[in-house]
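J.: please work out how this folds:
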Amino acid sequence: MKVMITGITGFVGSSLARTLAAEGAEIFGLARNTADLGRLAGLKATVIEADVTVRESLDGIFDWVDYVIHAAGRLGEAGVPEADYHYLHVDGTNNVLAEIEKLDSPPRVLYVGSPGVLGPIAGKPADETAVIAPSNAYERSKAAAEMLVQVYANAGLPIVIARPEFMYGPRDTHVLGLFRAIQQGRFFYIDHGRHTCHPTYIDDAVDGMLRCMRDGRAGEIYHIAGPDCLTFTELATTIAAALDAPSPHRSLPRPLAMTGAAVLELITRPLGKKPPLSRDGVAFFSEDRCFSWQKAHKELGYTPQFDLKSGVWETVTWYKKEGLL
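T.: Model prediction:
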């Protein structure tokens, strides 16, 4: 089995590649010439220099593989122009799918989306029928890309959409800042940590996405999430316990935190630095996001195996081994 992965150098792409390689698949990946290949150390994979935003670089790349996993993307962060997200997530996705669509026998495609396209969730966990309602630049670009994917799916391309939520685990550096802030006593809650998130350990996310790739119904969407929706208080206290650090106790009301974040963004922007707190970050910690993974469970047999305590323990162990904490 030959699998091509866009974004193979990222946290998600490299994690998918490692699992597939361990299963005996032949792994190929696309990476820009400036990409950091550190996450691929020790992995048997053929890396091809290409850029999903440059259509010409993709010519002929997909016509000899059995599966394509489109995982190339950029996570939300302060200071990134909305046009940059659109260029990568929408234009890049269009380039990839247009190249695949040209083939007489196109490979099966897994598109890695995000439940973030639904925006904040009020009430019970959101399933795949919930209305798309993105609330920031990153979510808007992923929503637009997902709607584009549906156009290709409706035209007959064999493509499945997986929406993995809030992934963390070994080799991740995006959430590392949260662990460090808790360890150093710098973390504080917004609105007393009463809002919810839905963390997903990377091994569970990979298992769910690969089930979607192999057995998901073409044109369908599947939420892949951890076993439980949790408050940020539960998240932070679990991380603190794993770090043997004091549990956070300070809290700010959302309006005050938003004002402070706006000021920090203004101060750091001319310096070309990331603010220690952004308005999108405040929004993340002061909104509710909770998702149902029952469709993937019923149709694909997906059942997350890592509760928060075990997943955080594995993550902290790896961070310490690598000297990151």
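
J.: CA only for contacts and neighbour counts going forward, please
T.: Noted.

J.: once you drop chain neighbours, what's closest to residue 318?
T.: residue 170 (5.6 Å; CA to CA, 6 or more residues apart in numbering).

J.: that neighbour and residue 324, how far apart?
T.: Per CA to CA, to the nearest Å, residue 170 is found 11 Å from residue 324.

J.: repeat for residue 107
T.: Residue 107 is 39 Å from residue 324, by CA to CA.

J.: please apply the same query to residue 129.
T.: For residue 129 relative to residue 324 (CA to CA), the value is 40 Å.

J.: neighbour count winner among those two?
T.: Set residue 129 next to residue 324 and count neighbours by other CA atoms under 10 Å: residue 324 wins out with 12 against 8.

J.: quick one, strands of the protein?
T.: In the chain, the strands defined using DSSP state E lie at 2-6, 26-31, 46-49, 67-70, 108-112, 159-164, 167-168, 189-190, 196-197, 200-201, 221-224, 230-231, 251-252.

J.: just put the ones you listed in JSON lines and tack on distance to residue 208, mean neighbour count and mean pLDDT.
T.: Shown next, in JSON lines, are those (distance: least, CA to CA, whole Å; neighbours: other CA atoms under 10 Å; pLDDT from 0 to 100):
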{"stretch": "strand 2-6", "distance to residue 208": "16", "mean neighbour count": "23", "mean pLDDT": "97"}
{"stretch": "strand 26-31", "distance to residue 208": "19", "mean neighbour count": "21", "mean pLDDT": "95"}
{"stretch": "strand 46-49", "distance to residue 208": "24", "mean neighbour count": "16", "mean pLDDT": "94"}
{"stretch": "strand 67-70", "distance to residue 208": "13", "mean neighbour count": "24", "mean pLDDT": "98"}
{"stretch": "strand 108-112", "distance to residue 208": "11", "mean neighbour count": "23", "mean pLDDT": "98"}
{"stretch": "strand 159-164", "distance to residue 208": "8", "mean neighbour count": "27", "mean pLDDT": "98"}
{"stretch": "strand 167-168", "distance to residue 208": "12", "mean neighbour count": "22", "mean pLDDT": "97"}
{"stretch": "strand 189-190", "distance to residue 208": "31", "mean neighbour count": "24", "mean pLDDT": "96"}
{"stretch": "strand 196-197", "distance to residue 208": "19", "mean neighbour count": "24", "mean pLDDT": "96"}
{"stretch": "strand 200-201", "distance to residue 208": "10", "mean neighbour count": "26", "mean pLDDT": "98"}
{"stretch": "strand 221-224", "distance to residue 208": "6", "mean neighbour count": "28", "mean pLDDT": "98"}
{"stretch": "strand 230-231", "distance to residue 208": "20", "mean neighbour count": "18", "mean pLDDT": "96"}
{"stretch": "strand 251-252", "distance to residue 208": "35", "mean neighbour count": "14", "mean pLDDT": "94"}
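
J.: what's the closest of those to residue 310?
T.: Residue 310 sits nearest to strand 200-201 of all those, at 9.0 Å, using CA to CA.

J.: can you give me the offset of that closest one from its chain's centre?
T.: Centre-to-centre, strand 200-201 and its host chain are 10 Å apart (CA atoms, centre = their mean, to the nearest Å).

J.: which elements pack onto that strand?
T.: Contact here means 3 or more CA pairs under 8 Å, 6 or more residues apart in numbering; DSSP states H and E; on that basis strand 200-201 packs against strand 167-168.

J.: sheet partners, orientation included, of the strand it packs on?
T.: Paired neighbours of strand 167-168 in the sheet (DSSP bridges): strand 200-201 (parallel).

J.: can you give the contact residues for the partner strand?
T.: 164-169, 224-227, 306, 308, 311 (CA atoms under 8 Å, 6 or more residues apart in numbering).

J.: what does stretch 60-67 give?
T.: With contacts defined as CA under 8 Å, 6+ apart, stretch 60-67 is touched by 1-4, 68, 99-100, 103, 106-110, 213.

J.: what is the nearest of those to residue 189?
T.: For the contacts of stretch 60-67, the nearest to residue 189 is residue 110 (36.0 Å; CA to CA).

J.: give me every residue that touches the closest one.
T.: Counting by CA under 8 Å, 6+ apart, residue 110 makes contact with 67-70, 159-162, 209, 212-213.

J.: kindly recompute the last result at 6 Å.
T.: By CA atoms under 6 Å, 6 or more residues apart in numbering, the residues touching residue 110 are 69, 159-160, 213.

J.: re earlier: per-residue confidence at the residue nearest to residue 318?
T.: At residue 170, the model reports a pLDDT of 95.

J.: number of nearby residues for it?
T.: 20.

J.: picking up where we left off before, just put the contacts of strand 200-201 in TSV and tack on distance to residue 241.
T.: Formatted as TSV, the contacts of strand 200-201 follow (distance: CA to CA, whole Å):
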residue	distance to residue 241
164	26
165	23
166	20
167	20
168	17
169	16
224	26
225	23
226	20
227	20
306	17
308	12
311	13
